[in-house]
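> sequence plus predicted model, see below.
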Amino acid sequence: MNPLIRFIPAFLVRYFASPYVAGDSLQKAMAVVEKLHRERGLLSTLDLLAEDIRTDAQAQQNLDTYLRMVEAAARLPAAMRPTLSLKPSSYTTQPFQHGGDAAGSREAMRTIAQAAAAKGVALTIDMESRHWTDFTLDVLREFCGQGMTHVGTVLQTRLHRTEADLDKLPKGLRVRLVIGIYREPGEVALTEKPAMKDRMLAYAEKLLRAGHYVEFASHDDAYVRRFVEQVVPKVGVGKDRFEVQMLYGVPRERFLADLRRQGIAARLYVPFALGWDMAIQYLRRRLDEYPAMVWLVTKNMFSRK
């Protein structure tokens, strides 16, 4: 990690993180989910901040927490029920990026997926760095092959391999399309954001034509409008075949309200932690992977709308 980021005082990291984290407990996160739907008509996807696992006890805690998340989500009416996003690295002490084999991750995700299926809760397997892509898509295909149609995934347009991965997806999948935040070398990924965003439009069209449900996740209003006003009519699908997603805490209230007035589903990605120490670790990693976030966070704090 960049030494400058490592030595940012924890209280300052927490100050930056607090608008983007829904609290330090599942109870607080669920309160945010209900408030977003009640006051703004927004859907949510819940994510536990629990990467960089060091002990088996931590991996078990994450599994247990997700099972509690399934129960909590299932208690809400279907119309406001959040989906749950999970990262494969949250259930193993042997991550691929450190030369491991992800031991325990597949089994933990299967346990969560089975519990979610029984309760009518949708899951999304998040996409992490390039080290996890094959594993994530293999698990996805395995689960879908076992009839777990409530499981979706994420694809990152910065990776050169993603276009080929589109053709290998199970039919009728729910796919969150993002540019991706993980820094990747130029030989495997684009490095210019405009090109990544152009790919989002092209890949969204391809996914819609293939019969998938597209979750278009971007904070770039212009690209969201191009997706809604150009790509969707071009393909000729209804509003039941897509939604727009953004991060909790990012100031897009008026834009999201406009989408909702058009009858377009909008969902916020709502992360929470089991303690601010884990949330602070999460933001430090994000700042290291994407240093420009410091500027974006600062700008957002002074431009809430």
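Perfect, thanks for sending it.
> what's the burial count for the nearest residue to A31 once chain neighbours are set aside?
Ranked by Cβ to Cβ, 6 or more residues apart in numbering and with sequence neighbours excluded, the top spatial neighbour of A31 is G23, at 7.7 Å. Heads up, the C-betas are built off the backbone N, CA and C, glycines and all. For G23, the neighbour count with other Cβ atoms under 10 Å is 18.
> can you tell me how far G23 is from S44?
Distance, G23 to S44, using Cβ to Cβ, to the nearest Å: 13 Å.
> overlap in contacts of these two?
Residues touching both G23 and S44 (Cβ atoms under 8 Å, 6 or more residues apart in numbering): V32.
> now the helices for this protein?
For the chain, applying DSSP state H gives helices covering 3-6, 10-17, 26-40, 56-74, 105-119, 133-145, 162-166, 193-209, 221-226, 232-235, 253-261, 276-289, 293-301.
> would you convert the ones you listed into CSV that also reports mean pLDDT, distance to H98 and mean neighbour count?
Listed next are the helices of the chain as CSV, based on pLDDT from 0 to 100; distance: least, Cβ to Cβ, whole Å; neighbours: other Cβ atoms under 10 Å:
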stretch, mean pLDDT, distance to H98, mean neighbour count
helix 3-6, 65, 18, 11
helix 10-17, 75, 23, 15
helix 26-40, 97, 28, 17
helix 56-74, 97, 15, 18
helix 105-119, 98, 13, 19
helix 133-145, 98, 14, 18
helix 162-166, 98, 24, 15
helix 193-209, 97, 26, 18
helix 221-226, 97, 34, 16
helix 232-235, 98, 41, 14
helix 253-261, 96, 38, 15
helix 276-289, 72, 14, 19
helix 293-301, 58, 23, 14
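> in JSON lines, list those helices along with distance to Y182.
Listed next are the helices of the chain as JSON lines, based on distance: least, Cβ to Cβ, whole Å:
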{"stretch": "helix 3-6", "distance to Y182": "16"}
{"stretch": "helix 10-17", "distance to Y182": "19"}
{"stretch": "helix 26-40", "distance to Y182": "24"}
{"stretch": "helix 56-74", "distance to Y182": "20"}
{"stretch": "helix 105-119", "distance to Y182": "17"}
{"stretch": "helix 133-145", "distance to Y182": "10"}
{"stretch": "helix 162-166", "distance to Y182": "13"}
{"stretch": "helix 193-209", "distance to Y182": "12"}
{"stretch": "helix 221-226", "distance to Y182": "20"}
{"stretch": "helix 232-235", "distance to Y182": "28"}
{"stretch": "helix 253-261", "distance to Y182": "26"}
{"stretch": "helix 276-289", "distance to Y182": "6"}
{"stretch": "helix 293-301", "distance to Y182": "13"}
